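J.: No letters, just coordinates:
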């Protein structure tokens, strides 16, 4: 029997993000998921090794790789629609759940139990860190677009920054203070 899960995941590269915005640099869900995984790993390391709090960087990075897997079936619904009101948000969460269950059904039975916690982000610490990394990735996208002169992202940059500050995660605050400014620099300035 052929299992379609991994072939379907490879199609994440065809799902574009920021569909309502003019982009200087198009971004797809596969690229985004990689960046979120790197950021989630960093936030978990900061939480564990700098702040001395519980976190599993490898689990956070792996969960981040799959955090948007349901979008293979749903597409990337723009944030202003997804969070327009509580009823739409609840309905979309249910659509994501059904999509996740469908994806899990494309795996051999033996792999489903190991993959389900990643698809459904059931660990609260990992879920919070992945959510923060996801929002941080969006903010970094805004910084990069603004740096390229694309003012289309000015409002989104303000909103994502405010959302990051409102999360109240010490590891995220540490990253914002010590790492975020580097994303606005060119290669020469980074060396």
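T.: Arrived safely, thanks for sending. All of these numbers come straight from a predicted model, not from anything done at the bench. Residues are numbered from 1 along each chain as shown.

J.: in which helix or strand would I find the closest residue to residue 66 other than its chain neighbours?
T.: Nearest residue to residue 66 in three dimensions, chain neighbours excluded: residue 118, at 4.6 Å (C-beta to C-beta, 6 or more residues apart in numbering). The C-beta positions use only the backbone N, C-alpha and C, and glycine is treated the same way. Using DSSP states H and E, residue 118 sits in helix 109-119.

J.: Return the set of buried residues in that helix.
T.: 112, 115, 117-119 (16 or more other C-beta atoms under 10 Å).

J.: Redo these as CSV? Include distance to residue 72 and pLDDT.
T.: Formatted as CSV, the buried residues of helix 109-119 follow (distance: C-beta to C-beta, whole Å; pLDDT from 0 to 100):
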residue, distance to residue 72, pLDDT
112, 17, 96
115, 14, 95
117, 18, 93
118, 14, 92
119, 11, 93
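
J.: Let me know the closest of the residues you listed to residue 17.
T.: residue 119 (19.3 Å; C-beta to C-beta).

J.: quick one: that closest one and residue 66 touch, right?
T.: Yes - using C-beta atoms under 8 Å, residue 119 is in contact with residue 66, at 5.6 Å.

J.: coming back round to it: show me what contacts the residue nearest to residue 66?
T.: Neighbour list for residue 118: 62-63, 65-66 [criterion: C-beta atoms under 8 Å, 6 or more residues apart in numbering].

J.: Narrow the residues you listed to those in helices?
T.: Counting by DSSP state H, the part of those found in helices is 62-63, 65.

J.: for residue 152, what are its contacts?
T.: By C-beta under 8 Å, 6+ apart, the contact set of residue 152 is 21-22, 145.

J.: Report the separation between the residue nearest to residue 66 and residue 31.
T.: Separation of residue 118 from residue 31 (C-beta to C-beta, to the nearest Å): 19 Å.

J.: circling back: toward the C-terminus, what is the element adjacent to the helix holding residue 118?
T.: helix 124-147.
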